[in-house]
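Trainee: Just the structure for this:
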Amino acid sequence: QVQLVESGGGLVQAGGSLRLSCEASGRSFGIRAMAWFRQGPGKEREFVAAIAWSGGDTFYANSVKDRFTISRDNAKITVYLQMNSLKPEDTALYYCATRRTTPGINVDVSTAYDYWGQGTQVTVSS
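Mentor: Model (predicted):
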């Protein structure tokens, strides 16, 4: 089992920034990638960004590219999501997830991820 704990969410005005963190614990030795997904009110869960644990390749949804940056700290088994130029449409519950397979063409597929956190709420006011 892998436990994931997200933090850093909150309320911010449009144009502002937030930094999310997700720390993994438990049987984390098999993690090949970590990702962020989000689910806005009345919407389906969608992919935001992912990072490969070895090599650090990053992947982004088009909607957040050039605004969000995903990074990792291998020693702390923690992944971060720096979110800049936030928009009201970024309002969502943000989830952290891990996978034991190398991310490829299915990097944005939620069913490819094994463990999930409880989520941290991000609210962007206009």
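Trainee: quick one: buried residues of the helix or strand hosting Thr69?
Mentor: Using DSSP states H and E, Thr69 maps to strand 68-73. Within strand 68-73, the residues that count as buried by 16 or more other Cβ atoms under 10 Å are 68-70, 72. To be clear about C-beta, it is placed using only N, CA and C from the backbone, and glycine gets the same treatment.
Trainee: just stretch 36-51 next, same as before
Mentor: By 16+ other Cβ under 10 Å, the buried positions in stretch 36-51 come out as 36-38, 45, 47-51.
Trainee: Max pairwise distance over those residues: which two?
Mentor: Greatest spatial distance in those: Arg45 and Ile51, 18.4 Å, computed using Cβ to Cβ.
Trainee: bridging residues for Ala52?
Mentor: In this structure, Ala52 has the following beta-bridge partners (DSSP bridges): Ala33.
Trainee: what pLDDT does Asn106 get?
Mentor: In the predicted model, Asn106 carries a pLDDT score of 94.
Trainee: OK, contacts around it?
Mentor: Asn106 is in contact with Ala112, counting by Cβ atoms under 8 Å, 6 or more residues apart in numbering.
Trainee: Secondary structure class of it, three-state.
Mentor: Local secondary structure at Asn106 is given as coil here, using DSSP: H, G, I helix; E, B strand; the rest coil.
Trainee: tell me the phi and psi of it?
Mentor: When read as degrees, to the nearest 10, the backbone of Asn106 gives phi -100, psi 30.
Trainee: Using CSV, list the CA coordinates for the helix or strand hosting Leu81.
Mentor: Assigned by DSSP H and E, Leu81 belongs to strand 78-83. Listed in CSV are the C-alpha atoms of strand 78-83, where the atom choice follows Å, rounded to 0.1, in the frame of the first residue of the first chain:
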residue,chain,number,x,y,z
THR,A,78,7.2,14.2,-2.7
VAL,A,79,5.8,15.7,-5.9
TYR,A,80,4.9,19.4,-6.2
LEU,A,81,2.6,21.3,-8.5
GLN,A,82,3.4,25.0,-8.9
MET,A,83,0.3,26.7,-10.3
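Trainee: what's that strand packed up against?
Mentor: Contact analysis of strand 78-83 by 3 or more Cβ pairs under 8 Å, 6 or more residues apart in numbering; DSSP states H and E lists strand 18-26, strand 33-39, strand 46-52, strand 68-73 as its packing neighbours.
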